[in-house]
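J.: all I have is the shape, not the residue letters:
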């Protein structure tokens, strides 16, 4: 609790004047408005497509009030999330579920490696298109993202 600069009485943090002596009280900075206030739609789309780590800003943008009605940013965030889910399936679940009985580095490991490279290249492609302010809709993931964008309104 702040104290009056004149008489030392405890004052409310939002009070402009002391209730005891009437002395004006200093303002302590600006109130917090919004973390995403100065962020453009283009920057938000770019942040969504940072490989692997873009899922964090995507979730933040989907949860924020600022982008609640912004279809373009929401589409990019959903598409980035779904691409991340595919990445998780290919890197974690697919090797355990599909190829658990096959020892060694055979064709199945080469296939998973190629899928990971293809997903990474897809992320980079989407990142470049977001920088150019073009919206790309991936075949299956893009359809899911478009449906999720319209359903959430």
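T.: In hand now; what should we look at? Everything numeric here is computed off the predicted structure, so don't read it as measured data.

J.: average pLDDT for the one helix or strand residue 141 maps to?
T.: Using DSSP states H and E, residue 141 maps to helix 139-151. Mean pLDDT, helix 139-151: 93.

J.: and the contacts of that helix?
T.: Contact with helix 139-151 is made by 71, 74-76, 78-79, 81-83, 86, 136-138, as judged by CB atoms under 8 Å, 6 or more residues apart in numbering. Any C-beta I mention is one placed from the backbone N, CA and C, and that applies to glycine too.

J.: tell me where this structure has helices.
T.: Ranges of helices in the chain, per DSSP state H, are 41-48, 55-63, 71-88, 94-98, 107-131, 139-151.

J.: would you mark the buried spots in the first one?
T.: Of the residues in helix 41-48, those scored as buried under the neighbour-count criterion (16 or more other CB atoms under 10 Å) are 41, 44, 45, 46, 47, 48.

J.: out of those residues, flag the one nearest to residue 108.
T.: residue 48 (31.2 Å; CB to CB).

J.: let me know the pLDDT of that closest one.
T.: Looking at residue 48, its pLDDT reads 94.

J.: show me the contacts for it.
T.: 54, 57, 58, 61, 73, 76, 77, 79, 80, 130.

J.: separation between the fifth one and residue 42?
T.: In this case it means residue 73. In this view, residue 73 and residue 42 are 9 Å apart by CB to CB, to the nearest Å.

J.: and residue 35, how many neighbours?
T.: The number of residues packed near residue 35 is 10, by other CB atoms under 10 Å.
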